[in-house]
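Asker: I'll drop the sequence and a predicted model, then ask my questions.
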There are 2 protein chains.
Amino acid sequence: MDYIGRLTAHLPTAVRLVMVKADGSVSIHADDRAYKPLNWMSPPCRVEESPGVWRVVNKVGEELRITLDEVIHDSSHDLGVDPGLRKDGVEAHLQELLAADPTVLGEAFTLVRREYPTAIGPVDLLCRDANGRSVAIEVKRRGEIDGVEQLTRYLELLGRDPLLAPVKGVFAAQEIKPQARVLAEDRGIRCVVLDYNTLRGVVKDELTLF
Amino acid sequence: MDYIGRLTAHLPTAVRLVMVKADGSVSIHADDRAYKPLNWMSPPCRVEESPGVWRVVNKVGEELRITLDEVIHDSSHDLGVDPGLRKDGVEAHLQELLAADPTVLGEAFTLVRREYPTAIGPVDLLCRDANGRSVAIEVKRRGEIDGVEQLTRYLELLGRDPLLAPVKGVFAAQEIKPQARVLAEDRGIRCVVLDYNTLRGVVKDELTLF
DNA sequence: CTATAAATGTCGGAG
DNA sequence: CTCCGACGTTTATAG
């Protein structure tokens, strides 16, 4: 197998699994590496078959050349359309739960707006604390340095608005990496670790109470 | 199929491909989505088989529950050990090429060190310009905001070293996103777009000359 | 379509 | 093992 595209790669002869999907994608698997193939071509692409050689090419000129020495097993099946996958528990949901009750962040916050717009993008949550001061909250599933930098940029921008300034920052995530915590705290940003299940329970209980 | 782990997901009954690899990983594919499965469990994990139900669990308690209504096709093959994949053209190689001749960045730079160590990690390249001033160079394949933030942190740290200060910054990548460029230039960091093939040719020619 | 942020990211390397 | 950055990231979403 040879790939010539964004990089150049070569794969020696061996027994492998080749998967061709209805969307046109081709992937070549070894018996390890979880679900990731050794090499692949994403759709849209086209397969040119000649005896013992497959050339898989896409629009931008990337190419996968597969040489077939021996076919050990060949099987084809029609899977039909897929009913689709339902997911739950991602950042959007965390944000929803915090918006429903910002006090779970440990202070008497009241929500001003979710997705509060700024010139460089929306802040997850904008709140006011007990003293009426602005608080910008960045929500992440996993809190890493990127998220702290993102919140820092928002805080800088929001701090220029005389109607909001001064603006405090809160970095809330299910998990906060040590480096991110150090950076955040160095910048005066408070870190809050969220437990999704507890949070869901607490907010649900509260909504049930009223 | 149901997944209970970092998130919760449910997949209705349909015809699908289930792939079980020697490393223990399990993945469930629809006939689209390139090579990414609808659901999966990465190794290390364990499969408990009972009639019509597979429970795939890992150490941290994540679980994949697969209900089998009908087996349309079942096939198992020993692929043996994999000879492995050779790659070329990634960031490491760009860094090598720039280290071999930093002047391709457009100034009379001389290399001080590759992977110059700092408290928060190594700088890709540290050079001196024609006037002996320090230049920190961050190399990326794709230049995005993250990379600018990373270089900014390095510049701040290196700038505290009286033997190096003041330190200029250069952000070099095969492609620089508009936001990243704006942020970099706002911080006085020069941006250089690299062409990998040209660069390879130029550096090779120069090495051949001497 | 481009640009940006999220991802059960995955993967590899260093400590 | 954890942390950290690259990735042919891929994927979804907003503009």
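Answerer: Perfect, I can see it now.

Asker: centre of the chain versus the helix or strand that contains A:R114, how much separation?
Answerer: Following DSSP states H and E, the helix or strand that holds A:R114 is strand A:110-116. Computed by CA atoms, centre = their mean, to the nearest Å, the separation of strand A:110-116 from the middle of its chain amounts to 22 Å.

Asker: Next: stretch A:1-16.
Answerer: Here stretch A:1-16 shows a centroid-to-chain-centroid distance of 28 Å under the convention CA atoms, centre = their mean.

Asker: ok, and what's touching it?
Answerer: Contacts to stretch A:1-16, defined as CB atoms under 8 Å, 6 or more residues apart in numbering or on different chains, come from residues A:28-30, A:38-39, A:60-67, A:69, A:72, B:77-80, B:82-90. The C-beta positions use only the backbone N, C-alpha and C, and glycine is treated the same way.

Asker: wait, does it contact DNA strand C?
Answerer: No: using CB under 7 Å from any atom of the strand, stretch A:1-16 stays clear of DNA strand C, coming no nearer than 12.0 Å.

Asker: quick one on the thing from earlier: which among the contacts of stretch A:1-16 count as buried?
Answerer: A:I28, A:H29, A:A30, A:L38, A:N39, A:E62, A:L64, A:I66, B:L79, B:D82, B:L85, B:G89 (16 or more other CB atoms under 10 Å in any protein chain shown).

Asker: Quick one: the helices in chain A, in order.
Answerer: Assigned by DSSP state H, the helices in chain A fall at A:91-100, A:145-158, A:178-186, A:196-209.

Asker: now those helices in a markdown table, with mean pLDDT?
Answerer: As requested, the helices of chain A are exported to a markdown table (pLDDT from 0 to 100):
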| stretch | mean pLDDT |
| --- | --- |
| helix A:91-100 | 85 |
| helix A:145-158 | 88 |
| helix A:178-186 | 86 |
| helix A:196-209 | 68 |
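
Asker: most neighbours per residue, which of these?
Answerer: helix A:145-158 (a mean of 20; mean count of other CB atoms under 10 Å in any protein chain shown).

Asker: elements contacting that one?
Answerer: Here helix A:145-158 touches strand A:123-128, strand A:134-143, strand A:167-176, helix A:178-186, helix B:145-158, going by 3 or more CB pairs under 8 Å, 6 or more residues apart in numbering or on different chains; DSSP states H and E.

Asker: any low-confidence regions in chain A?
Answerer: A:203-210 (pLDDT under 70).

Asker: And the most far-flung residue of chain A relative to its centre, how far from B:E49?
Answerer: Distance from the centre of chain A peaks at A:P51, with 41.6 Å (CA atoms, centre = their mean). Distance of A:P51 to B:E49, given as CB to CB, to the nearest Å: 41 Å.

Asker: same thing with A:T67?
Answerer: Here the criterion is CB to CB. By it, A:T67 lies 37 Å from B:E49.

Asker: And for A:V112?
Answerer: Separation of A:V112 from B:E49 (CB to CB): 53 Å.

Asker: between those two, who's got more neighbours?
Answerer: Between A:V112 and B:E49, A:V112 has the larger neighbour count (other CB atoms under 10 Å in any protein chain shown), namely 16 against 11.

Asker: so how far is DNA strand D from the more buried one?
Answerer: Distance of A:V112 to DNA strand D, computed by CB to the nearest atom of the strand, to the nearest Å: 18 Å.

Asker: Just list the residues touching the closest residue to A:P44 other than its chain neighbours, thanks.
Answerer: Among residues not flanking A:P44 along the chain, A:G24 sits closest, at 5.8 Å (CB to CB, 6 or more residues apart in numbering or on different chains). With contact taken as CB under 8 Å, 6+ apart, A:G24 is in contact with A:P43, A:P44, A:C45, A:R46, A:V47.

Asker: Kindly report the same for A:K59.
Answerer: Each residue near A:K59 by CB under 8 Å, 6+ apart is listed here: A:P44, A:C45.

Asker: rerun that using 10 Å as the cut-off
Answerer: Going by CB atoms under 10 Å, 6 or more residues apart in numbering or on different chains, A:K59 touches A:P44, A:C45, A:R46.

Asker: With A:V57 instead?
Answerer: By CB under 10 Å, 6+ apart, the contact list for A:V57 reads A:I4, A:G5, A:M41, A:C45, A:R46, A:V47, A:E48, A:E63, A:L64, A:R65.

Asker: can you rerun that using 6 Å?
Answerer: A:R46, A:E63 (CB atoms under 6 Å, 6 or more residues apart in numbering or on different chains).

Asker: just A:V139 next, same as before
Answerer: Per CB under 6 Å, 6+ apart, neighbours of A:V139: A:L94, A:Q95, A:D124, A:A172.

Asker: where's it relative to A:V104, distance?
Answerer: Using CB to CB, we find A:V139 at a distance of 12 Å from A:V104.

Asker: ok, now A:R187?
Answerer: Using CB to CB, A:R187 is found at 23 Å from A:V104.

Asker: Equivalent analysis for A:R133, please.
Answerer: As for A:R133, its distance to A:V104 is 19 Å (criterion: CB to CB).

Asker: Ok, A:E138 next?
Answerer: 16 Å.

Asker: higher neighbour count, these two?
Answerer: A:E138 (23 against 19).

Asker: Does that one have any beta-bridge partners, and if so which?
Answerer: Per DSSP bridges, the residues bridged to A:E138 are A:F171.

Asker: That one reaches A:R153, doesn't it?
Answerer: No: using CB atoms under 6 Å as the test, A:E138 is too far from A:R153 to be in contact (10.1 Å).

Asker: Out of the contacts of stretch A:1-16, name the ones that lie in strands.
Answerer: Among the contacts of stretch A:1-16, the members found in strands (DSSP state E) are A:I28, A:H29, A:N39, A:E63, A:L64, A:R65, A:I66, A:T67, B:R86, B:K87, B:D88.

Asker: Most widely separated two among those residues?
Answerer: A:H29 and B:D88 (21.6 Å; CB to CB).

Asker: Kindly state the beta-bridge partners for A:V53.
Answerer: According to DSSP bridges, the residues that bridge with A:V53 are A:S50, A:T67.

Asker: how many neighbours does it have?
Answerer: 11.

Asker: which bits of chain A sit near DNA strand C?
Answerer: A:33-36, A:85, A:87, A:90-92, A:120-121, A:140-142, A:146-147, A:150.

Asker: if we go to 6 Å?
Answerer: With CB under 6 Å from any atom of the strand as the criterion, chain A meets DNA strand C at residues A:R33, A:A34, A:K36, A:V90, A:E91, A:G121, A:R141.
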